[in-house]
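Engineer: Turn this into a model:
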Amino acid sequence: MPRYGKIVVIKRNGTDGIVFPLTSTSCLFGRKTECDIRMRLPWVSNEHCKIDINENKEAVLTNLSTVNPTQLNGACFEQPVPLKHGDVLTIIDRSFRFEYPLQSTPKKRRSRTPKDETLQQVAEVELLHKQTSGAKSLDAS
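Structural biologist: Down below sits the predicted model:
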């Protein structure tokens, strides 16, 4: 299953919370049961905003709420906007950080000594471990 990035819930205390991997080309936020990231707050629209992955594998954020618009990095927006790694989207008082996936096949650099070669292999194993660690898929409420 391809990974197009991930959505990290930012808890109210500023720490990272649940991680939602983006494995399809669309992710819908809102109050409806059918939403990919469901928020059970009365001020959240049934379909509040969405992230779509375009043909260039870029994530694009679209606001769907006219009553309580989604904010991107603290500012409102009207047209669909491409997301950059680390962008923060806010719905009412809940914030989420978008992250593009790490490269699935990191480039191996040439090393000059056996010690450098060993360090490079350890770094690649750690990276692979981070990429394959599971993520929970629960409601953001």
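Engineer: what about residue 88, neighbour count?
Structural biologist: Residues lying near residue 88 (other CB atoms under 10 Å) number 15. In short, each C-beta sits where N, CA and C put it, glycine included.
Engineer: Could you do residue 30 as well?
Structural biologist: Residue 30 sits with 21 neighbouring residues when counted by other CB under 10 Å.
Engineer: which ones are touching it?
Structural biologist: Residues in contact with residue 30, defined by CB atoms under 8 Å, 6 or more residues apart in numbering, are 37-39, 44-49, 64.
Engineer: Of those residues, which is the most crowded?
Structural biologist: Most surrounded of the contacts of residue 30: other CB under 10 Å gives residue 48, at 26 neighbours.
Engineer: Dump the contacts of residue 30 into CSV; add secondary structure and distance to residue 81 as well.
Structural biologist: Output for the contacts of residue 30, formatted as CSV (DSSP: H, G, I helix; E, B strand; the rest coil; distance: CB to CB, whole Å):
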residue, secondary structure, distance to residue 81
37, strand, 18
38, strand, 23
39, coil, 20
44, coil, 20
45, coil, 18
46, coil, 22
47, coil, 17
48, coil, 15
49, strand, 11
64, coil, 13
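Engineer: Can you pick out the most distant pair from those residues?
Structural biologist: Greatest spacing in these, by CB to CB: 38 and 64 (14.3 Å).
Engineer: Considering only helices and strands, which part of this protein has the lowest mean pLDDT?
Structural biologist: helix 114-132 (a mean of 49; mean pLDDT, DSSP states H and E).
Engineer: so residue 95 bridges to which residues?
Structural biologist: Listed by DSSP bridges, the beta-bridge partners for residue 95 are residue 10, residue 90.
Engineer: from what I can see it touches residue 89, true?
Structural biologist: Yes - if you go by CB atoms under 8 Å, residue 95 and residue 89 touch, sitting 7.1 Å apart.
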